[in-house]
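K.L.:
I would like the atomic coordinates for the input below:
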Amino acid sequence: MIEKVGILHPGEMGISIAVSAQNGGNSVFWASEGRSPQTQGRAQKHSLIDVYSLAKLCEMCSMIISVCPPHVAEEVAEQVLAHSFQGLYVDANAIAPQRAIRIGEAMRAGGVAFVDGGIIGGPAWQANTTWLYLSGGEAERVASCFPAGPLHTQVLGERIGQASALKMCYAAYTKGTTALLCAILGTAEGLGVREELEQQWAREGSDFAGQARQRMTKVTAKAWRFAGEMEEIAATFEEAGMPGGFHEASADIYRRLAHFKDPAVTPSLAAVLAALLHEVRPS
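P.N.:
Okay, here's the model as predicted:
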């Protein structure tokens, strides 16, 4: 079945999802109203069909896929409902399973079919790098939009929240440990023992210190998104009966780095450490 797929929104991840949907023979639409020049440029480069407004997108599309920062996932869903969308809504955001369940309930109450999604991996430009996990009654229908890749899909079952739960548990380690490294090196810097700590790591016969520094500076471009994701992970842990404090602290770490938002500029290690310690140094 060929779908008319709407993408909210074609950022770095969203545009790659859109292209994989195009590769599957689907028509892919987006709404340019209020979007940045960078987003408009991505959409034009990959020939997404611009219907300008969200209202028109909801009218035109049989399926809408939401790929947005986690803290606005519910707001975006509410906007779609407000425009009387009657198709299939896929929330592919990094949100806690209980939030996915809440959005799904709202969609069903509005007569909209709902599928929970969780993306693991970076933007899907190469095969075997990015997976879209899906759960819900129409998960297979969503998966059928991406037969040609490079995005891979896997259906987990019919229970809303499964895909989001897997995403949360996976990111709890990958992004959570990066936040932990930031906290460790920030603390060592503040106490004047970072050089000695890195020397000790080197004595153990690895380049762990160099890897840690690279992870710290590289993560800065996404820190503004990861803060909200850490809060979602904390809520996920607490819902499961586990303490959420570690990831609440991780959210604080990422908030301290949130102003390093330009992906074209990688800040110096000194600037990152200063931001973690609430100091001001040139990058």
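
K.L.:
pLDDT value on the closest residue to residue 172 other than its chain neighbours, please?
P.N.:
Spatial nearest neighbour of residue 172, excluding adjacent residues (C-beta to C-beta, 6 or more residues apart in numbering): residue 233 at 4.9 Å. (Glycine included, C-beta is placed from N, CA and C.) Residue 233 carries a pLDDT value of 98.

K.L.:
repeat for residue 31
P.N.:
Turning to residue 31, the model gives it a pLDDT of 96.

K.L.:
Report all helices and strands that the helix or strand encompassing the residue nearest to residue 172 contacts.
P.N.:
Secondary-structure assignment from DSSP states H and E places residue 233 in helix 223-239. Where contact means 3 or more C-beta pairs under 8 Å, 6 or more residues apart in numbering; DSSP states H and E, helix 223-239 is packed against helix 97-109, helix 162-190, helix 245-256.

K.L.:
quick one: contacts for the residue nearest to residue 172?
P.N.:
With contacts defined as C-beta atoms under 8 Å, 6 or more residues apart in numbering, the neighbours of residue 233 are 96, 168, 171, 172, 176, 244, 247, 250.

K.L.:
And for the fifth one, the neighbour number?
P.N.:
A count of neighbours around residue 176, defined by other C-beta atoms under 10 Å, yields 20.

K.L.:
Same list, the helices and strands packed on helix 223-239, but as a markdown table with mean pLDDT and distance to residue 43 please.
P.N.:
Compiled in a markdown table, these are given as follows (pLDDT from 0 to 100; distance: least, C-beta to C-beta, whole Å):
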| stretch | mean pLDDT | distance to residue 43 |
| --- | --- | --- |
| helix 97-109 | 98 | 25 |
| helix 162-190 | 97 | 25 |
| helix 245-256 | 97 | 28 |
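
K.L.:
out of those, nearest to residue 207?
P.N.:
Nearest to residue 207, of all the helices and strands packed on helix 223-239, is helix 162-190, at 13.7 Å by C-beta to C-beta.

K.L.:
List the buried residues in the closest one.
P.N.:
For helix 162-190, the buried set under the neighbour-count rule, 16 or more other C-beta atoms under 10 Å, comprises 162-168, 170-172, 175-176, 178-179, 181-183, 185-186, 188-189.

K.L.:
Pull up the per-residue confidence for the residue positioned nearest the centre of the chain.
P.N.:
In the chain, the centroid-proximal residue (C-alpha atoms, centre = their mean) is residue 94; its distance is 5.0 Å. At residue 94, the predicted lDDT confidence score is 97.

K.L.:
how much space between it and residue 275?
P.N.:
Counting by C-beta to C-beta, to the nearest Å, the gap from residue 94 to residue 275 is 23 Å.

K.L.:
Pull the residues that contact stretch 107-114.
P.N.:
In contact with stretch 107-114 (C-beta under 8 Å, 6+ apart) are residues 77, 80-81, 85-91, 103-104, 136-138, 160.

K.L.:
Of the residues you listed, which is the nearest to residue 193?
P.N.:
residue 91 (44.4 Å).

K.L.:
Can you get me a residue count around the closest one?
P.N.:
When neighbours are defined as other C-beta under 10 Å, residue 91 has 29 of them.

K.L.:
Please verify my assumption that it contacts residue 66.
P.N.:
Yes - using C-beta atoms under 8 Å, residue 91 is in contact with residue 66, at 5.1 Å.

K.L.:
joint contacts of those two?
P.N.:
73, 77.
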